[in-house]
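>>> sequence and predicted model, in that order:
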Amino acid sequence: MPGMIWLSHPLVVLLLVALLGAVLLGATVLFWRQAPARSKIPRAQKRREEALRRMAALAERLRQQEPELDPKPILELPLEMLVQKMLADELSLESVLCSYLEEGHDSSCGLAQFLEKPAAKDGVIVKVLKAQGAIPFVKTNISQTLQSYDCSNPIYGQTLNPQNLKKTPGGSSGGEGALLAEGGSILGMGTDTGGSIRIPASFCGVCGIRVTGYRLSYSGVASAVKGRKAGITVAGPLARDVESLALCLRALLSEHMHRLDPTTPFLPFREQVYSSNRPLRIGYYESDGFTQPSPSMARAVKLTSRLLRDAGHQVIPFSVPRTEYAFFHLYQGTLFADGGATLLEKLQGDIVDPSMKNTVNSLRLPDSLKRFLAWIWKYIEPRVSQIFEMLCGVGTPKKLWELHQAVEEYQQEFIAKWRSLDLDVLLSPALDPAFYIGYPAKANTSISYLALYNLLNFPAGVVPVTTVTPQDEKELAFYKGYYRDSSDKNFLEAVRGSVGLSVAVQCIALPWEEELCLRFMKEVETLVKNQMEPK
Ligand SMILES: CCCCCCCC/C=C\CCCCCCCC(=O)NCC(=O)O
């Protein structure tokens, strides 16, 4: 046989042996490099099991001591009412959640190399909350490195969405979203670079807000990627209602926080802005022209803008300028300005979670190959081409400054448009309904509605307003997406089969206007609640 003749050639045999040797060597080196990570993971899992056993034992002891006590009505109380009851001595209970760097605890970011390095002291947010009586009681699951909006890592596994166990709770702060949705907590803290507070909140049917950069302290918050100066990561709370978010920000925006971290402005919570009821001028859009909204996302904006109009507010159409440019060139440009070097460094010797493989494998390619793929994909799927271009990084400090300047110019262009319409606030879709597990990595352009406000650095929060109806589901049959590419196709697959799942809207204000943003969110929440429960 001709094949056998080839195989009997000594050079071919030599080549095959060399190839096999190289593969074996590669696998051994990888195994050896991952060995420390592999050994830390079972220990972390054991610590978690022990903690859960201790919690179960404590719960059992409480049940025996107080057989009459029903904790459910307490856990379901909004934070504000809980505080009122505690102040009135009707309740004494120990539970406010915080997942930030906390003395004596690991903040792993889903990375084995961050394990067994407990924080030496509390982060500023934890310090301020503790000083006001908060008792952090649990750290919740996140996506590996926080650079994905799924919620999975090789240490603690995949978190599921309590509304549908085949769906992700979103990420990166997906554990917080799931715990709040299940009534297991009353307040959580997350971080947001591309929707990591707002996506889990909207996927799980709770509220969340990303504040203007630097308004809340970021000191002591663990992260796999630090140092970005555009598209910066910010802290923010998640809770079951807007009043709880306001209570949290009221507590944090204090002299105490400013004293502990003078890089935050001394700008205490402005009560009169939050409690004002003057009618608002509200801009709104159902589509950003880049990610075709799911039928439920568009319906959520329609429903909310009608309720707002009926309540006496002025509602004005708004269109987002140059979304494609803003998403790829500016947002992804800043996200991967270093070509992913920082992220890859943090993953060295670690097991890469399946939810991160797409990003990590693409980043690991040599720049020349990324450029070649960008060129090829230009003729097949232009959006994939743009992703590969951005994954090369900016190249030089001069280019980075040019990018920062372009971001500032876009910010001014957006503000000028906002001002020309004399708007107070803006209403947009969030990202809904929850995706099937594994899909965030496949539909990576669909975060455009949320990432825009990371790029602009505006405060933006999400409020659940409706659930997916059978009619929304039927209308998905006509969903094609604006680009008809793999990301559009994956988005459609990700959101199918979601009748009954939560759908939120996004409420946006200008920088430093967190109180106005919250006031707008509260207005939306109240109007939706009132129409669901007519007097
Ligand atoms: C052809 C496929 C190539 C895949 C390349 C992947 C490109 C990834 C693009 C977008 C994903 C962006 C995810 C950003 C998530 C940020 C989440 C967040 O807010 N994190 C919080 C934090 O950083 O603290």
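Sure, I can see it.
>>> rest of the way, CA atoms for contacts and neighbours
Will do.
>>> let me see the contact set for the residue most central in space within the chain.
Geometric centre of the chain, nearest residue: Ser196, 0.9 Å, by C-alpha atoms, centre = their mean. Taking C-alpha atoms under 8 Å, 6 or more residues apart in numbering, we find Ser196 in contact with 146, 149, 170-174, 190.
>>> secondary structure class for Thr466?
What DSSP: H, G, I helix; E, B strand; the rest coil gives for Thr466 is strand.
>>> same question for Cys507.
Secondary structure, three-state DSSP: Cys507 is strand.
>>> so it sits right up against Ser428, yeah?
Yes - Cys507 is within contact range of Ser428, at 6.7 Å (criterion: C-alpha atoms under 8 Å).
>>> would you mind listing what in this protein touches the ligand?
Residues of the chain found near the ligand (C-alpha under 6 Å from any ligand atom) are 146-149, 172, 191-196, 233, 358-359, 362, 384, 444.
>>> and the strands in this protein?
Secondary structure of the chain (DSSP state E): strands located at 152-153, 157-158, 187-192, 207-210, 234-239, 281-284, 314-317, 425-429, 460-467, 502-508.
>>> which one of those strands is the most hemmed in?
Of all the strands of the chain, strand 207-210 carries the top mean neighbour count, a mean of 34, counting by mean count of other C-alpha atoms under 10 Å.
>>> output the below-cut-off pLDDT ranges for the stretch 301-450 of the chain.
Applying pLDDT under 70 to the stretch 301-450 of the chain flags no residue at all.
>>> which residues does the residue in it that the ligand sits nearest to contact?
Of all residues in the stretch 301-450 of the chain, the one sitting closest to the ligand is Thr359 (4.1 Å; C-alpha to the nearest ligand atom). Thr359 makes contacts with Ala441, as judged by C-alpha under 8 Å, 6+ apart.
>>> start at 778, not 1
Sure, I'll start counting at 778 from here, so that last one is Thr1136.
>>> pLDDT on the longest helix seen in the chain, on average?
Secondary structure of the chain per DSSP state H: the longest helix is helix 787-842. Taken as a whole, helix 787-842 has a mean pLDDT of 82.
>>> and stretch 922-932, how far from the chain's centre?
Offset of stretch 922-932 from its chain centre (C-alpha atoms, centre = their mean, to the nearest Å): 10 Å.
>>> so what sits opposite Ile1059 in the bridge?
Ile1059 forms beta bridges with Val1092, Val1202, as assigned by DSSP bridges.
>>> gap between it and Pro1288?
Per C-alpha to C-alpha, to the nearest Å, Ile1059 is found 16 Å from Pro1288.
>>> doesn't Ile1128 make contact with Pro931?
Yes - if you go by C-alpha under 8 Å, Pro931 and Ile1128 touch, sitting 6.7 Å apart.
>>> what touches both of those two?
By C-alpha under 8 Å, 6+ apart, no residue touches both Pro931 and Ile1128.
>>> among the strands of the chain, which comes closest to Leu1121?
Closest of those to Leu1121 is strand 929-930, at 15.4 Å (criterion: C-alpha to C-alpha).
>>> ok, and what's touching that closest one?
The set of residues external to strand 929-930 that reach it, using C-alpha under 8 Å, 6+ apart, is 887-888, 918-921, 935-936, 1130, 1132.
>>> swap in 10 Å and give it another go.
With contact meaning C-alpha atoms under 10 Å, 6 or more residues apart in numbering, strand 929-930 is reached by 885-889, 918-923, 935-937, 945, 947-949, 951-952, 1128-1133, 1214-1215.
>>> what lines up beside it in the sheet?
strand 934-935 (antiparallel).
>>> any idea of the mean pLDDT for the strand it pairs with?
The model assigns strand 934-935 a mean pLDDT of 94.
>>> can you check stretch 1287-1299 too?
98.
>>> so what's the gap between it and the chain middle?
Relative to its parent chain, stretch 1287-1299 has a centroid offset of 19 Å by C-alpha atoms, centre = their mean.
>>> please apply the same query to stretch 792-805.
Going by C-alpha atoms, centre = their mean, where stretch 792-805 is centred and where its chain is centred differ by 41 Å.
>>> next: stretch 892-902.
With C-alpha atoms, centre = their mean, you get 22 Å for stretch 892-902.
>>> and what of stretch 1200-1217?
Relative to its parent chain, stretch 1200-1217 has a centroid offset of 11 Å by C-alpha atoms, centre = their mean.
>>> residues contacting the closest residue to the ligand within the stretch 978-1127 of the chain?
Closest residue of the stretch 978-1127 of the chain to the ligand, C-alpha to the nearest ligand atom: Thr1010 (5.6 Å). Taking C-alpha under 10 Å, 6+ apart as the criterion, Thr1010 is in contact with 968-973, 987-991, 995, 1000, 1002-1004, 1231, 1234.
>>> let's see it at 7 Å
Contact analysis of Thr1010 by C-alpha atoms under 7 Å, 6 or more residues apart in numbering lists 968-970.
>>> go on, Gly1116?
Counting by C-alpha under 7 Å, 6+ apart, Gly1116 touches 1140, 1168-1170.
>>> what's the answer for Val1078, then?
1063, 1205-1206, 1282.
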